[in-house]
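Asker: sequence-free structure coming up:
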């Protein structure tokens, strides 16, 4: 594949990675794969500001937050989201509108989220696939999703 995947993570994906105790956490693997330069992570000021707030609320050490923001500053692609790009699409949580605007403005392939507020937009919005972490992880790995569910 010549074109690298481009993705925006909703803040809940980052928080999930920080809080997960599982060694097989899809969100932790995605952070590790991003750090290994396997895909392009897009961020904007509003997403990072919200992320800092949520990590502080979760009790994440301030030094860890500063280190992670420094990694984002260095390794992520920052998207300038103009006010006019922010359209009210998610009335249940207007903070989510900037996440969509970041994905569209930054030409993301994926918007990765666990937030059910995005569900009314469907699986794709303006060419951006809206998905949870595991399907995006499969795309990064180049895997096919399992054809049958495990368990019941």
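Answerer: Arrived safely. No experiment lies behind these values; they were computed from the predicted model shown. Numbering: from 1, shown residues only.

Asker: CA atoms for contacts and neighbours, from now on please.
Answerer: Will do.

Asker: residues in contact with the nearest residue to residue 122 once chain neighbours are set aside?
Answerer: Once flanking residues are discounted, residue 122 sits nearest to residue 130: 7.4 Å by C-alpha to C-alpha, 6 or more residues apart in numbering. Going by C-alpha atoms under 8 Å, 6 or more residues apart in numbering, residue 130 touches 110-113, 118, 122-124.

Asker: which of those residues are buried?
Answerer: Among the contacts of residue 130, those classed as buried by 16 or more other C-alpha atoms under 10 Å are 110-113, 118.

Asker: Narrow those residues to those in strands?
Answerer: Mapping the buried ones among the contacts of residue 130 onto strands (DSSP state E) picks out 110-112.

Asker: And those residues, which is closest to residue 91?
Answerer: Nearest to residue 91 among those: residue 111, at 17.8 Å, using C-alpha to C-alpha.

Asker: Can you check the pLDDT for residue 35?
Answerer: pLDDT for residue 35: 95.

Asker: any idea how far it is from residue 136?
Answerer: 16 Å (C-alpha to C-alpha, to the nearest Å).

Asker: neighbours around residue 125, how many?
Answerer: The number of residues packed around residue 125, counting by other C-alpha atoms under 10 Å, is 15.

Asker: Now it: phi and psi?
Answerer: phi -130, psi 120 (degrees, to the nearest 10).

Asker: what's the helix or strand for the residue nearest to residue 122?
Answerer: In this assignment (DSSP states H and E), residue 130 forms part of strand 128-131.

Asker: what is the rounded mean pLDDT of that strand?
Answerer: Mean predicted confidence for strand 128-131 is 97.

Asker: what's downstream of that strand, the next helix or strand?
Answerer: That would be, after strand 128-131 and using DSSP H and E, helix 133-141.

Asker: Off-centre distance for stretch 104-119?
Answerer: 7 Å (C-alpha atoms, centre = their mean, to the nearest Å).
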